[in-house]
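S.K.: coords please:
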Amino acid sequence: MSVDRQDAKGGGMFDARRDKRGEALYRFLLEQAATPPTFRIKCQGTHEDTASNPDGSSSTRTAVDFRFYLQPRLLHEDVPPPIFIVGDRSATFRGRSVKEIEIAATADYRKDPERGEGSGTTWRRKASKPERAATAERDKLLTERGLPPWGLMTGENPRVQACIDSEESRRRHQATAPGPPSLQFEDNSPSAPTKSLHQWADDYCKSTKSLKEFKFHKVIYGWDLENLRRKIHRTLEENWDTKDIWRPEITVTFEVLEADVSIRSDSWLSWMLARTWGKILLCILLLYPLLLWLFGGEWRVAGSAYSLARWVHLEDSIPGDDAETYCHRMNDVSIHHSDLKSTPRGVSMLMGVSEEAWFREWEGRIAGYCRSGVNMPASAAAIDAPGPSKVSPTYVIQQP
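M.R.: This next block holds a predicted model:
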């Protein structure tokens, strides 16, 4: 399964005010977080075709039989999205041109001559190759299964998960219901980060590096995308007549558009490297790696998360409750048991529409688009694809 992420147009922003003042950068990132990315599903069917050239030879080309884009709606909430900070043990860029992790500053670690840089209770060092691979694999798994960045799987070090920046958001997102059984997703409460978004913004602005960049990443969670991809793929296979075509291929891709906000230093060198021709020129001159090593610094430590659906803890539930017990005690038969899940703290309710319910609503139309050979250009607006209407008994949900 592939999940494509594309930057906002322009690829980055140069602003001397935000580049030198941490408060200005912090406020700007909060403003950017208020605008969610665009999530859409690309369904495409292609086959190989042979064409005759003017000189009598033949060549093979790829012909598109159908291509359409669906845009499910994100869960609308009246509060800002949670800002997350990457976990200390996640391998990411923290101000240098290499990925690093944070480690507790124990007495034994201080004696290590390769401890790197640090202050206070943590030290920072270059991430090893296995650590980088583990972080990439974990991020991929969380995305495919629709788990939030602060999700913790059974047996994991708690410091590998992302933290939520604000205390209010931490209260709102605590005690998430378990994810897919195969992942054994912990019913944990998000913790506070070692360093806040404001502190990271200050850290970036204090740096004197002329090729520094702060990248704020927006993520989508709440749906098991791998499960949804299989269902859509099967529907397309069943409704595409491929008996007279050569090498048919179906692709189902989840795209997150305008998922990154990049702030780059206000310098002529940074401006040049933001252009494709600039990078090509410096690569030809063999200067690009050297410049990054001498003057480069990157921060990929924060982002915001937007849900397609999420579980909310019901404050009037108690440990040991299941859906049936809870509804019986509340004397409420209007709640669908499928919208409830047991957790160690009690019961959580699904807000929004699950990928299963969305697919049931759209399966017939997906099959119809496939059979009719709908072919939308990449620049076309995606088909608005809301899930089935759903009215939840909000009086049983008590959020802070």
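
S.K.: Can you find the helix or strand in this structure with the smallest mean pLDDT?
M.R.: strand 2-5 (a mean of 44; mean pLDDT, DSSP states H and E).

S.K.: Please state the offset of stretch 248-263 from the chain centre?
M.R.: Relative to its chain's centre, stretch 248-263 lies at 11 Å (CA atoms, centre = their mean, to the nearest Å).

S.K.: hang on, I meant stretch 52-63
M.R.: Worked out by CA atoms, centre = their mean, stretch 52-63 lies 41 Å from the chain centre.

S.K.: Tell me how many other residues crowd the spatially closest residue to residue 34 that is not a sequence neighbour.
M.R.: In space, and not counting its chain neighbours, residue 34 is closest to residue 80: 6.2 Å by CB to CB, 6 or more residues apart in numbering. Where you see a C-beta, it was placed from the backbone N, CA and C, and this is true even at glycine. Residues lying near residue 80 (other CB atoms under 10 Å) number 13.

S.K.: Ok, residue 154 next?
M.R.: There are 9 residues near residue 154, going by other CB under 10 Å.

S.K.: Please tell me how far it sits from residue 71.
M.R.: 34 Å (CB to CB, to the nearest Å).

S.K.: Ok, residue 96 next?
M.R.: For residue 96, the distance to residue 71 - CB to CB - is 38 Å.

S.K.: can you check residue 165 too?
M.R.: Going from residue 165 to residue 71 by CB to CB gives 28 Å.

S.K.: okay, the two: which has more neighbours?
M.R.: Neighbour totals were compared for residue 165 and residue 71, and residue 165 leads with 24 against 17 (other CB under 10 Å).

S.K.: That one - nearest residue in space that isn't next to it in sequence?
M.R.: Once flanking residues are discounted, residue 165 sits nearest to residue 83: 4.0 Å by CB to CB, 6+ apart.

S.K.: now the one you found, which residues is it bridged with?
M.R.: residue 304 (DSSP bridges).

S.K.: Tell me how many other residues crowd residue 61.
M.R.: Neighbours around residue 61, by other CB under 10 Å: 9.

S.K.: That one contacts residue 51, correct?
M.R.: Yes - between residue 61 and residue 51 there is a contact at 5.6 Å, judged by CB atoms under 8 Å.

S.K.: Overlap in contacts, those two.
M.R.: Shared contacts of residue 61 and residue 51, defined by CB atoms under 8 Å, 6 or more residues apart in numbering, are absent.

S.K.: what pairs with residue 340 across the strands?
M.R.: residue 349.

S.K.: I'd say it and residue 323 touch.
M.R.: Yes - if you go by CB under 8 Å, residue 340 and residue 323 touch, sitting 3.9 Å apart.

S.K.: Of those two, give the one with the bigger neighbour count.
M.R.: residue 340 (21 against 18).

S.K.: got the contact list for that one?
M.R.: Residue 340 makes contacts with 323, 326, 327, 347, 348, 349, 350, as judged by CB under 8 Å, 6+ apart.

S.K.: show me where the stretch 201-350 of the chain has helices.
M.R.: In the stretch 201-350 of the chain, the helices defined using DSSP state H, counting those that start in this stretch lie at 225-239, 268-273, 276-284, 288-295, 323-330.

S.K.: Pass me the low-pLDDT residue ranges in the stretch 201-350 of the chain, would you?
M.R.: For the stretch 201-350 of the chain, residues meeting the criterion pLDDT under 70 lie at 267-279, 281-283, 285-295, 332-334.

S.K.: Kindly recompute the last result at 90.
M.R.: The stretch 201-350 of the chain contains residues with pLDDT under 90 at 207-213, 222, 241-248, 262-297, 309-350.

S.K.: Quick check, pLDDT for residue 88.
M.R.: Residue 88 carries a pLDDT value of 91.

S.K.: Now do the contacts for it.
M.R.: With contact set as CB under 8 Å, 6+ apart, residue 88 has these partners: 101, 102, 103, 122, 159, 194.

S.K.: Residue 46 and residue 145, how far apart?
M.R.: 28 Å.

S.K.: try residue 240
M.R.: 27 Å.

S.K.: Surely residue 82 touches residue 171?
M.R.: No - counting by CB under 8 Å, residue 82 sits too far from residue 171 to count as a contact (10.6 Å).

S.K.: Who has more neighbours out of those two?
M.R.: residue 82 (24 against 14).

S.K.: Looking at that one now. What's its pLDDT?
M.R.: Residue 82 carries a pLDDT score of 93 in this model.

S.K.: OK, contacts around it?
M.R.: Counting by CB under 8 Å, 6+ apart, residue 82 touches 150, 164, 165, 166, 169, 172, 173, 304, 305.

S.K.: and what of residue 363?
M.R.: 231, 235.

S.K.: Could you do residue 75 as well?
M.R.: Contacts for residue 75 (CB under 8 Å, 6+ apart) come out as 222, 306, 307, 308, 309, 310, 351, 352.

S.K.: would you turn those into a markdown table with distance to residue 231 and neighbour count?
M.R.: Shown next, in a markdown table, are the contacts of residue 75 (distance: CB to CB, whole Å; neighbours: other CB atoms under 10 Å):
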| residue | distance to residue 231 | neighbour count |
| --- | --- | --- |
| 222 | 16 | 23 |
| 306 | 22 | 21 |
| 307 | 20 | 22 |
| 308 | 15 | 21 |
| 309 | 16 | 21 |
| 310 | 21 | 22 |
| 351 | 22 | 20 |
| 352 | 18 | 24 |
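
S.K.: Adding distance to residue 200, write those residues out as a markdown table.
M.R.: Listed next are the contacts of residue 75 as a markdown table, based on distance: CB to CB, whole Å:
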| residue | distance to residue 200 |
| --- | --- |
| 222 | 26 |
| 306 | 20 |
| 307 | 23 |
| 308 | 27 |
| 309 | 29 |
| 310 | 25 |
| 351 | 30 |
| 352 | 30 |
